[in-house]
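1. starting from these lines, generate the structure:
(one chain, ligands or ions: 1)
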Amino acid sequence: MLVTALPHSAVPTPAIRLDHASFGYAGRPFTEGVNLTLQPGEVVALLGPNGSGKSTLVRGLLGLNDHVGGTVEIYGTPLEDLQDRSRLGYVPQRHTLSASVRSTVREVVATGQLASRPWWRRASADDRALVEKAADTVGLADRLEADVATLSGGQQRRVLIARALASRPDVLIMDEPTAGVDAANQDVLATVLRRLAGLGVTMLVVTHELAALRGIVDRIVEMDAGQVSFDGPPAQYAEHRASVSRAADAGLAQGHSSIRHHHGYDEHHHDDGPVEAPGLLSGVGPMDGPVEEQEL
Ligand SMILES: Nc1ncnc2c1ncn2[C@@H]1O[C@H](COP(=O)(O)OP(=O)(O)OP(=O)(O)O)[C@@H](O)[C@H]1O
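-> Numbers count the residues shown, from 1 in each chain. This is a model prediction of the structure:
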């Protein structure tokens, strides 16, 4: 029987594909040999101890530090050939908007479109509608004319997510979107991320607060000392952490405390968040607190 090959278009082009990719600073790699593929619509959490290279990786994807080696493709286009960087929406780490910036939510969200619009072109009706839609998606439709300085930290994070959405990105990259906000506002942010996931938005989310994203992420990628140390479904991550802990305990019992130190698990903390523990995926976390839906 003649077996008809699937048409080429039936194989989805990955949203992000890294093949032995290295990123670093001043031409020297810090994250090395990273293999990572995000399919369209996937939500991937990027975890790892402080200094393990998470920000170096995502900022490298955005062209904000050096791509030192290997292949990096965004929807099949090599990073270096990417004409339109606004295809990657970015919500930077620990950013709240300065009180000295006297701008409305509408104005800040609209700045997300500047990179993809020629400087001489004014915002079209479509552009303006997209700003309103982005604000609505993050639950701030009724705050469009509010001064951003009057908003809470969690609301300001949502303004920055809306700003990233306003350029119709193919992929949303977020660096610790829930860090430094209280549990109730983490829940509101998680609701926003869940909504985006439901809309099919591809997301790469750097986080120390996996519990806040429970049920949202499809896959977990863990970095350790500049390399990927785990890549798999959330259900397998707890077992991975448990085995790392067992190895560390065995090392300690033999007087090799360096094993635990090497894995960095005991330093796997963050100023703003809870320590991640092996049982975390099923354990008590910020998601167990009340959800302030009314803030949306
Ligand atoms: N601009 C820079 N120039 C040189 N080295 C840098 C620069 N930014 C970060 N690094 C170094 O890169 C390494 C990885 O840092 P990175 O910020 O990627 O870690 P991280 O996993 O995101 O940590 P955290 O969870 O604390 O944000 C660190 O040793 C850091 O000092």
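2. which residue is the nearest non-sequential neighbour of residue 30?
-> Ranked by Cβ to Cβ, 6 or more residues apart in numbering and with sequence neighbours excluded, the top spatial neighbour of residue 30 is residue 24, at 4.3 Å. For glycine as for every other residue, the C-beta is placed from the backbone atoms N, C-alpha and C.
3. show me what contacts that neighbour?
-> 30-31, 56, 60, 65-66, 68 (Cβ atoms under 8 Å, 6 or more residues apart in numbering).
4. that one and residue 59, how far apart?
-> Distance check for residue 24 against residue 59: by Cβ to Cβ, to the nearest Å, it reads 11 Å.
5. same question for residue 136.
-> Look at residue 136 and residue 59: by Cβ to Cβ, they are 29 Å apart.
6. and the helix or strand harbouring residue 249, what does it pack against?
-> According to DSSP states H and E, residue 249 maps onto helix 234-253. Where contact means 3 or more Cβ pairs under 8 Å, 6 or more residues apart in numbering; DSSP states H and E, helix 234-253 is packed against strand 219-224, strand 227-232, helix 258-263.
7. what's the least confident stretch among the ones you listed?
-> Per-segment confidence across the helices and strands packed on helix 234-253 bottoms out at helix 258-263, which has a mean of 43 in mean pLDDT.
8. about what we covered before: anything in contact with each of residue 24 and residue 59?
-> By Cβ under 8 Å, 6+ apart, residue 24 and residue 59 have these common neighbours: residue 65.
9. ok, the residue nearest the centre of the chain - contacts?
-> Using Cα atoms, centre = their mean, the residue of the chain that lies closest to the mean C-alpha position is residue 205, 1.8 Å off. Listed by Cβ under 8 Å, 6+ apart, the contact partners of residue 205 are 43-46, 174, 177, 193, 213, 217.
10. near the ligand, from the residues you listed?
-> Near the ligand, judged by Cβ under 6 Å from any ligand atom, there are no entries from the contacts of residue 205.
11. tell me which parts of this protein are close to the ligand?
-> Along the chain, the residues adjacent to the ligand under the rule Cβ under 6 Å from any ligand atom are 25, 30, 48, 50-56.
12. ok, which pair from these is furthest apart?
-> When Cβ to Cβ is used, the two most widely separated members of these are 25 and 48, lying 17.7 Å apart.
13. okay, the two: which has more neighbours?
-> The residue with the greater number of neighbours, taking residue 25 and residue 48 and applying other Cβ atoms under 10 Å, is residue 48; the counts read 25 against 13.
14. does the more buried one touch residue 223 like I think?
-> Yes - counting by Cβ atoms under 8 Å, a contact exists between residue 48 and residue 223, whose distance comes to 3.6 Å.
15. mind listing the shared neighbours of these two?
-> 54, 229.
16. still on that earlier bit, so for residue 136 and residue 59, which sits in the more crowded spot?
-> residue 59 (20 against 14).
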